[in-house]
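**Student:** Build me a model:
(chains A, B, C, D and E, ligands or ions: 4)
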Amino acid sequence: MLEIKNLVCRYGKVTALKGVSLKVPANSLVVLVGANGAGKSTTLRAISGLVPAASGSILFNGEEITGRTASRILSLGIAHCPEGRRVFGQMTVLENLEVGCYLRKDTALIRQDIDHIFGLFPRLAERRKQIAGTLSGGEQQMLAIGRAMMSRPKLIMFDEPSLGLAPNIVSQTFDIIKGIRDAGTTVLMVEQNAFAALDMCNHAYLLEAGSMVLEGPGEKLINDPHVREAYLGAGLAHA
Amino acid sequence: EDTIKIGVNEPLTGAFAASGTYIVNGAKLAAEQINASGGILGKQIELVIEDNKSNPTEAAAVAEKLITSDKVPIMMGAWGSSLTLAVMPKLMQYQVPMLVETSSSSKITKQGNPYIFRISPPSWVEAKIFQPLLPSLGIKKVDFLGINNDWGRGTITDFTAMFKENGVEVGLAETMDQGAEDMGAQLSKIKASDSDTIIVTTGVEQLTLVLKQVAALGITKKIITTGGSQNPDQLIQQAGAAANNTMHMVFFAPWDAAKTPHPDQSKVFIDAWAKAGHNAAGMTESYRGYDGIFVIKTAIEKAGKAEPEAIREAFWGVDVPTLNGNVTFTKDGPEGKESGQYLAKGTLITITDGKVVLPSS
Amino acid sequence: MHFGGLIAISDMNFHVNEGELVSLIGPNGAGKTTAFNIITGFQRPTKGRVSFRGTSLAGLKPHQVTSLGLVRTFQRTNLFDKISVFDNVLIGLHRKTSARLLGTLLSLPRERKAEAELRDQAWEILRLVGIEHQAKERASGLPYGDQRLLGVALALAAQPSALLLDEPVSGMNATETGRFIELINKLRSRGTTILLVEHDMPMVMRISDRIVVLNYGRIIANGTPKEIQNDPEVIQAYLGQGVKHA
Amino acid sequence: MSRIFTLLVLAFFLSVPLWLTDQYYLHTLVVCGIFMLAAMSLNLLLGYTGQLSLGHVAFFGIGAYVSALTSLGFSVSIFAYQITHEPWPPVIGVVLGGAVAGLCGYLIGKLAFRVRGAYFVIVTVSFAEVIRLIALNWIELTNGPLALPGIPPLTLGFEPIGYATLWSKGANYYVVLTFIVITYIIIKRLIDSPYGRAMIALRENEILATSVGISVTRYLVLAAVFAGTIAGVSGTLYAHYIQIIDPMIFMFLNTVTMVIMVITGGKGTLAGPVVGGLIFGIAPVILRNYVGPEVQWILYGALMILIVFVLPEGIVPAIERWFSRATAKSAELAMEPGKGARS
Amino acid sequence: MDQFLQHLANALIMGGTYALLGIGLTLIFGIMRIVNFTHGELYAFGAYMMYFFAVVLGLNFYMAIAFAICAGMVLGAAIEYLLLRSKRGADIDTTMLIMIGAWIVLQNTEILIWGSVAKSINSPFPIEPLTLGPVSLSSVRVFVLFVALALIAATYVLINRTKLGKAMRATFQDSSTAALMGINTSAIYTITFGLGSALAAAAGALLGPVFVVAPAMGDLASLKAFAIVILGGLGNITGAAFGGFILAFAEEMGASYISSGYRDAMGFLIIIIVLLFRPTGLFARSERVG
Ligand SMILES: Nc1ncnc2c1ncn2[C@@H]1O[C@H](COP(=O)(O)OP(=O)(O)OP(=O)(O)O)[C@@H](O)[C@H]1O
Ligand SMILES: Nc1ncnc2c1ncn2[C@@H]1O[C@H](COP(=O)(O)OP(=O)(O)OP(=O)(O)O)[C@@H](O)[C@H]1O
Ligand SMILES: [Mg+2]
Ligand SMILES: [Mg+2]
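**Tutor:** Ligands and ions are numbered 1, 2, ... in the order given. Take a look at the predicted model:
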């Protein structure tokens, strides 16, 4: 469904991506792991048109989307739940969700989808009229996830969706994401909680310092000694 | 040097741009006419016109430039009183005279600056002109509405004194800020007072607003304006019916050249102004620039040379026929360092049915 | 603490002993950050009081709370972005400065000496946290993990006797978290009291002396990691499946 | 390296009256220097604490009025008390003018810094307007719109030695230059000290700054006091140089001029207001020779826009960057706030 | 009492004028956070365009208003496109300086084109006042008051109820995230600035016939508009409307019962006092730290 070939991205003099290639097949859940600053977020931003590609190409359903504006890309069906929540701080929870489906015209279904999201995150339902900027960190994260789902995308990208969520909500969130995949939406996810992410994915990529260094099914990465050492904190958490 | 330079320091941009431009246009007409008839002392004159941006700091800088860079022996300026006052220390410092064509602050001539010669009437002169008209006007009690600067304030002070001397009661003294557009509060107060007349002092734009707002509040008192910047034609055009039955003290009445002090001269000016394509409404202001240059011309001729000190001396002896009347200077200010003041002549006109009506006498 | 009709925190009573490491955990929106804000003077409680070493903090402004030795970090990364790492720490050392205005303006030797000492201390803190090699870097140019460390360095520079950390390791991977735990241990060995808010359960369980659990602004449990891990109410409200995962 | 450069620049400015014989240009430089001084003080608020004050002309005007009244004398009645003041020498006026403006900086700082951002901007504008309206309407004291003419020029000296009155442009030039140099040094020392760091910290991230123990009001008010005092002093110089003041001194355009000087030069750099001040002090003088009045203004506005487009951070930071690319050493210095700002 | 009623009526009329000046700026300053020094110039531009269409070309009064508003929108959009587009994300002072430059350029271009002498526009409303008991009101100004209220309502609905309004708010809170929501943020910038400018021009077109049209007319208007927007709380349309009426009330009462010299001072004092007690305006929203 999505294919990236030799993508290079720069921020001024910093080269954040040095020729990244990856494939996201339809109806799959693909995970991108890597250290801080490896370029994971940059990859997602390049796909959704927020940062320009210096070279390389991005294909969505075979169509070249490199260089398109963010709004065109969304209209093709790629949604992006950005890193660090980025909710619209001065708007209410409900308005945030409404902006999430800015391009949609099917008013009736929108109401239904909003109710669906409130069903998934009851915490948000309680606060539908609250100004989003005053939500707690975790509540904002839920809102960001819900908002990304509102556009009914074909491909949805999550950038560290579990950040700042309570453990029970983390597992719920992962269940929701699996649910999204199972409902037929393709998912590309960046996640620090590598164990859980690798455990649930169909396919995974490991990004280090702007280059892909490893790829394969989740178990392959989980069992890779390098990954165990660097990302799963072997011998630390899993006592 | 084959030309005689005259410095002109006027506001061409900023708040007073409209009036400053009128003055400059009048001055240019005068210069053209003087040059066409052979110039002064056999030399052509050259106006060095600089914009003081309606800003006192700039007015001082412009004076500095005119005196030290352009080496003008005489200047005309600087429209507003703050602008003129800012220039005055420069005159003392470089000993160059200046003809003041518009400013009304009495301070200007009372400071002991012997380089100042003023042809415009300060408000005490205006009050003097007004006094003989009182009996025919039948005023019992007046309220004032003046612009909140030296001009409006000065008028209120000097006219109050004159009215009191002549047994006219004085009520409210309201002010409005320069640039203010809404005078509702002041006018509502005046509406409720028991006066029969309002003395208004401000420039034509604000005056237009005052007249419109007077009409909107249904005020029926007699309105008399002072200051010589009212441009009655512009009022008629812009305030429309609201300008009817108002009276205005003007210092040049171009509506009937025959009734002016020097009809031939007036006709020349009126024709030249029309020929240059300028707005006829501006003549009540631009005449000052025109007169100013002629007064300067006469002084230079009398001095016999274009040198500051000689021109300053010569001013004291001039008697120049101008649009306003025959300009001669009387002494004003502390003894030994008096400034020159011309006691201008005024005409109180009335606007009736959208027409200017001159006093019958 | 109320926000309009909403009660963010109600009846919260707890106590941190000198030198202890207490973790404050609870579901999202339980009121943990709000509690931090109240303690450090960024928000006023509707009711109740906070005291530190016997001094009441009621009505104190944030900088006054800091000057008592109670210093916090922020849930979101919060740095002086456009300034070098080193200068960030120098600013953090504000409490340590002894400069006097007149002396500064006259550039007296005393002031110059004080300034030099301050710079030495800044280096020391950078070394303690382990980002000294990036001292000249702009703060915003640091990798994410190092930015969080710089945030702690800033707090440390303020000479805390008690440190309040709000989700310090969120967004860090296991290795970085490991490094962070080492840092906390270093601090503890210097006797710093720590109050920690964190959703990373393995870490919390590993380093806390005691854990306080909040839910809907109320304390639902207070005890050692062992006790908390097995508290059914906590599992139900907060830990869920997550803890088994870990 | 940069110290030598600074000294060279200073030597150049010291030599100006020796070869610049045109009094008009010298006059322009004196006025430009006075505004530059005010701009330098504004930079303390705008550049270093990040507080956009658009009422700066208030301090300038307060300094001017205080000094003018000190040296002219006045007599007012306040609540039935008659206060009469006999004229004092202008030098005392300069000191008092600075002090009163600094005090106003303190009071306004205490009040205005309760609000931030756009709200702060409007409070400062309102403050300046209120002061203007007081100057306009308190006729007994300020003479209102009738202006205060005849302000004596500065005199230097002491009773036993005798006074020297500064009539000449050259003398005034050196006085203004001296004040600029002193101010430059004061601001530089302030900025390089913990005080300046606290101000910069507040500019960069106020919440974080308070959390490391920086008192917001204390440092912002400190900056306001310094800024007020310096602007007040520049106002006193203005009053004694131009020798007349009226409420038009408070016109908004004067604040705008200072803001233009600071931002085009490079806010938050020491040399910024100096460079910006020179450009926008001199540009009108040059333009005057070539084009009509309206066009002068249009070009003036266009020049501002152009500078912002070509050098968005201001002229001085651009020169520094260019310089630091040339020499690696200065690149290191530029990393430190305040340190990078050497002319 | 009668006099008090008249003052109250004046304040209401003037409040309408002020509110009208304020709403355009709420969009640009309140929502976009651009310190828009050209606001007054766009107001003056609207008035000059009104003069052009109604007097020079002699079009129908209401048609001229409509054309003037369109012209304002085009000029505003052009300013945004030419001067601000490449400076998005630059800090507030940088854009402010550009706007100061544009202000100076526009005002003096006006003098160049139209001359410095004031122009006036006749309105089709009778000069005779409407009288309600002891109170007299100018009929044009009553018309202006109602149009102002209508524009405020329309703007309120636009910002708070429509999709476009939400897109605007989202864009100015976080433009890259807004882009991720499918919003064409570039267009939103231009549209918002254009709309704000259209409202400023509307104020000019409506008030031109009430006052006179002069090159410097925008300066005071700008100052008042900023005050009004702040008084109500940034980005709050109803707040700006209230701000306008409060300012008018303070000025009117100050001028009537204290001293006309201190008329404007009253307005500014009110602003200072309000902000001391409510540092983010009368209708502020809470923010959080941490
Ligand atoms: N706006 C920016 N300007 C300059 N450099 C940037 C910018 N954003 C990211 N970078 C740099 O690009 C590199 C890749 O960043 P990216 O955010 O993609 O990393 P990441 O893998 O998502 O890391 P994290 O786990 O911290 O989110 C980093 O070195 C970072 O410093
Ligand atoms: N200004 C406010 N107005 C209304 N509600 C608020 C405000 N500030 C916080 N809240 C609410 O108070 C509750 C507590 O928030 P707080 O930030 O303390 O939670 P938290 O425990 O830190 O959560 P997290 O783990 O998600 O960061 C939340 O539900 C939040 O929505
Ligand atoms: Mg990332
Ligand atoms: Mg929190």
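
**Student:** Verify the stated contact: D:Gly93 with D:Ser67.
**Tutor:** Yes - using C-beta atoms under 8 Å, D:Gly93 is in contact with D:Ser67, at 3.4 Å. To be clear about C-beta, it is placed using only N, CA and C from the backbone, and glycine gets the same treatment.

**Student:** does the residue positioned nearest the centre of chain D belong to a helix or a strand, and which?
**Tutor:** Nearest to the geometric centre of chain D sits D:Ala38, at 0.6 Å (C-alpha atoms, centre = their mean). Per DSSP states H and E, D:Ala38 falls inside helix D:23-43.

**Student:** What of B:Lys53?
**Tutor:** Counting by DSSP H and E, B:Lys53 is found in no helix or strand.

**Student:** Count the residues that sit near D:Arg325.
**Tutor:** D:Arg325 has 10 neighbouring residues, counting by other C-beta atoms under 10 Å in any protein chain shown.

**Student:** what's downstream of the helix holding D:Ala38, the next helix or strand?
**Tutor:** Following helix D:23-43 in sequence, per DSSP H and E, is helix D:57-72.

**Student:** tilt between that next one and helix D:23-43?
**Tutor:** Helix D:57-72 runs at 120 degrees relative to helix D:23-43, counting by axes from the mean of the first three to the mean of the last three C-alpha atoms, to 10 degrees.

**Student:** Which strands or helices does helix D:57-72 pack on?
**Tutor:** helix D:23-43, helix D:90-112, helix D:117-137, helix D:139-142, helix D:216-242, helix D:252-265 (3 or more C-beta pairs under 8 Å, 6 or more residues apart in numbering or on different chains; DSSP states H and E).

**Student:** Near ligand 1, which residues of chain C are found?
**Tutor:** Residues of chain C lying near ligand 1 by C-beta under 6 Å from any ligand atom: C:Tyr144.

**Student:** As a check, name the ranges of all strands in chain C.
**Tutor:** C:2-3, C:6-7, C:21-25, C:51-52, C:55-56, C:70-72, C:162-166, C:193-197, C:210-215, C:218-223 (DSSP state E).

**Student:** Can you pull the poorly scored residue ranges out of the chain?
**Tutor:** You didn't pick a chain, so chain A it is. Counting by pLDDT under 70, chain A shows low-confidence ranges at A:233-239.

**Student:** oops, I was thinking of chain D
**Tutor:** Ranges of chain D meeting pLDDT under 70: D:1, D:157-167, D:327-343.

**Student:** Give the residue farthest from the middle of it.
**Tutor:** Outermost residue of chain D with respect to the C-alpha centroid, by C-alpha atoms, centre = their mean, is D:Ala80; its distance is 37.0 Å.

**Student:** now that residue: how far from B:Gln33?
**Tutor:** D:Ala80 sits 61 Å away from B:Gln33, going by C-beta to C-beta, to the nearest Å.

**Student:** shouldn't B:Pro321 be in contact with B:Asp264?
**Tutor:** No - assessed by C-beta under 8 Å, B:Pro321 is found out of contact with B:Asp264, at 9.6 Å.

**Student:** So between the two, which is more surrounded?
**Tutor:** Taking neighbours as other C-beta under 10 Å, B:Pro321 and B:Asp264 compare with B:Pro321 leading, 15 against 10.

**Student:** ok, the residue of chain C at minimum distance from chain B - how many residues close by?
**Tutor:** Closest contact between chain C and chain B, by C-beta to the nearest C-beta, is at C:Leu105 (31.0 Å). Using other C-beta under 10 Å, the number of residues around C:Leu105 comes to 18.

**Student:** And the one 5 residues further on, by the same measure?
**Tutor:** Each residue near C:Arg110 was counted by other C-beta under 10 Å, and the total is 12.

**Student:** next one: E:Met1
**Tutor:** For E:Met1, using other C-beta under 10 Å, the count is 6.

**Student:** any idea how far it lies from E:Pro134?
**Tutor:** Separation of E:Met1 from E:Pro134 (C-beta to C-beta) stands at 8 Å.

**Student:** try A:Thr186
**Tutor:** In terms of C-beta to C-beta, A:Thr186 sits 74 Å off from E:Pro134.

**Student:** Between these two, which has more neighbouring residues?
**Tutor:** Remark: of A:Thr186 and E:Pro134, A:Thr186 carries more neighbours, 23 against 13, as counted by other C-beta under 10 Å.

**Student:** Let me see the contact set for the more buried one.
**Tutor:** A:Met1, A:Leu2, A:Val24, A:Pro25, A:Ala26, A:Asn27, A:Ser28, A:Leu29, A:Val30, A:Lys154, A:Leu155, A:Ile156 (C-beta atoms under 8 Å, 6 or more residues apart in numbering or on different chains).

**Student:** let's see it at 10 Å
**Tutor:** Contact partners of A:Thr186, counting by C-beta atoms under 10 Å, 6 or more residues apart in numbering or on different chains, are A:1-2, A:24-30, A:77-78, A:153-157, A:180, A:202.

**Student:** Just give me the neighbour total for the residue lying closest to D:Ala101 once chain neighbours are set aside.
**Tutor:** Distance criterion C-beta to C-beta, 6 or more residues apart in numbering or on different chains; nearest residue to D:Ala101, sequence neighbours excluded, is D:Gly232 at 2.3 Å. By other C-beta under 10 Å, the residues close to D:Gly232 number 34.

**Student:** And for B:Leu209?
**Tutor:** Number of residues near B:Leu209 (other C-beta under 10 Å) recorded here: 23.

**Student:** Look at it and report its pLDDT.
**Tutor:** Here the pLDDT value assigned to B:Leu209 is 92.

**Student:** What's the separation between it and E:Gly16?
**Tutor:** 17 Å.

**Student:** the helices in the stretch 151-290 of chain E, which residues?
**Tutor:** E:163-173, E:175-180, E:185-207, E:217-232, E:237-257, E:263-277 (DSSP state H, counting those that start in this stretch).

**Student:** okay if I get the ones you listed as a markdown table plus mean pLDDT?
**Tutor:** Formatted as a markdown table, the helices of the stretch 151-290 of chain E follow (pLDDT from 0 to 100):
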| stretch | mean pLDDT |
| --- | --- |
| helix E:163-173 | 91 |
| helix E:175-180 | 89 |
| helix E:185-207 | 93 |
| helix E:217-232 | 87 |
| helix E:237-257 | 88 |
| helix E:263-277 | 85 |
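
**Student:** quick one: which of these is nearest ligand 2?
**Tutor:** helix E:163-173 (16.4 Å; C-beta to the nearest ligand atom).

**Student:** Next, the angle from that closest one to helix E:237-257.
**Tutor:** 80 degrees.

**Student:** show me what contacts the residue nearest to D:Ala101?
**Tutor:** By C-beta under 10 Å, 6+ apart, the contact set of D:Gly232 is D:38, D:41, D:58-67, D:94-105.
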